[in-house]
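Asks: This is a predicted model, with the sequence first.
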Amino acid sequence: MPAIKAENLSKKFGPLTAVNNLSLEVKKGEIFGLVGPDGAGKTTTIRMFSGILHPTAGEAWVLDHPISREAEPLKDKIGYMAQRFALYGDLTVMENINFYADLYDVPQKERLPRIDRLLAFSNLAPFQKRLAQNLSGGMKQKLGLACALIHTPQILFLDEPTNGVDPVSRRDFWRILYDLLKEGVTIFISTAYLDEAERCHRIGLMHQGNLLSVGTPDEIKALMKGELWEVRCQRRMKARDLLQNLPGIRSVGIFGDRIHAVLEDGEKTRPQLESLLKESGLEIFSLKRITPSVEDVFISTVTEKVRSDESD
């Protein structure tokens, strides 16, 4: 059995469908990333898998437990870290960890070695007497992770754990996650940072409650329809608006100081693209075909879905 299996899982809040007929499987011992923007349904999905929310329709099994009927016994086998810092700011690092150890009934004889290991694991040992409210954003996330791991869960659910965290702390956090994999922990993580998807074994692209695609990062990149071209030119906002209406271009997006355009046929469309920009008085600094990232594929996939929905 997979670590997680969902079949036509749905959740509605009144007229709003937050998750729509989601079906997927997560293997034991892998990092699975649920990727999408705010409002995509990522948090709702994680809360259903964690037994916090009851599904409106469908079913999911986490470690063979059906979440609609056996959410309570599941809680001792999973760790859950919420999107927002959910620990107690007026307690120290050590007091927070001990509090969660009490919640999970961690035996006293096992508690000290586990805490010592988690403090070393997360590099929090020098800060164990510091109030949680006085920790940096990255350290707060590490403390949250330590609390979620105190009872040695088999599956770890992380809801956008690096949101708002500086790049160095994000890198350190992922190093800790890879160390957990060596111990056989299955990790289910949601993120709005599409570059983080590259770090996962497999990912699911989610948009407006729908799971669009699932696969390895390389498999997801292979879904790109057309050719991805990078354009560096003057006044990129105006250039993007011009290119959106050019026949032969499937989608256009701004990535930093560059434009990424998906062309149906580069050999045919490139001359038209160059002519359009030059005739509009926009100097082209560089124009080349590039390998798509997961972010490129996500934007292209969403654009295709929107077009398909509008044509129905």
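Replies: Nice, I can see it.
Asks: make it CA atoms for all contacts and neighbour counts henceforth
Replies: Noted.
Asks: Find the residue at the geometric middle of the chain.
Replies: residue 191 (2.3 Å; C-alpha atoms, centre = their mean).
Asks: Report how many residues lie close to the closest residue to that one other than its chain neighbours.
Replies: Nearest non-adjacent residue to residue 191, counting by C-alpha to C-alpha, 6 or more residues apart in numbering: residue 160, 4.6 Å away. Residues lying near residue 160 (other C-alpha atoms under 10 Å) number 21.
Asks: thought residue 160 was touching residue 192?
Replies: Yes. Counting by C-alpha atoms under 8 Å, residue 160 touches residue 192, with 7.0 Å between them.
Asks: returning to that earlier point: ok, now how distant is the residue nearest to the centre of the chain from residue 206?
Replies: 10 Å (C-alpha to C-alpha, to the nearest Å).
Asks: ok, now residue 55?
Replies: For residue 55 relative to residue 206 (C-alpha to C-alpha), the value is 18 Å.
Asks: who's more crowded, the two?
Replies: residue 206 (24 against 21).
Asks: for the more buried one, phi and psi?
Replies: Note on residue 206: backbone dihedrals following degrees, to the nearest 10 are phi -120, psi 140.
Asks: Residue 15 too?
Replies: phi -80, psi -10.
Asks: okay, now it: neighbour count?
Replies: Residue 15, neighbours per other C-alpha under 10 Å, totals 6.
Asks: Next: residue 69.
Replies: Quick note: residue 69 (other C-alpha under 10 Å) scores 12 neighbours.
Asks: does it sit in a helix or strand, and which one?
Replies: Under DSSP states H and E, no helix or strand contains residue 69.
Asks: related to what we said a few turns ago, now the common contact residues for residue 191 and residue 206.
Replies: The contact sets of residue 191 and residue 206 overlap at 34, 35, 36 (C-alpha atoms under 8 Å, 6 or more residues apart in numbering).
Asks: Quick one: residues contacting the residue nearest to the centre of the chain.
Replies: Contacts of residue 191 (C-alpha under 8 Å, 6+ apart): 33, 34, 35, 36, 159, 160, 161, 162, 163, 197.
Asks: hmm, 10 Å instead?
Replies: By C-alpha atoms under 10 Å, 6 or more residues apart in numbering, residue 191 lies in contact with 33-38, 42-43, 83, 158-163, 197.
Asks: beta partners for it?
Replies: Beta-bridge pairing for residue 191 (DSSP bridges): residue 35.
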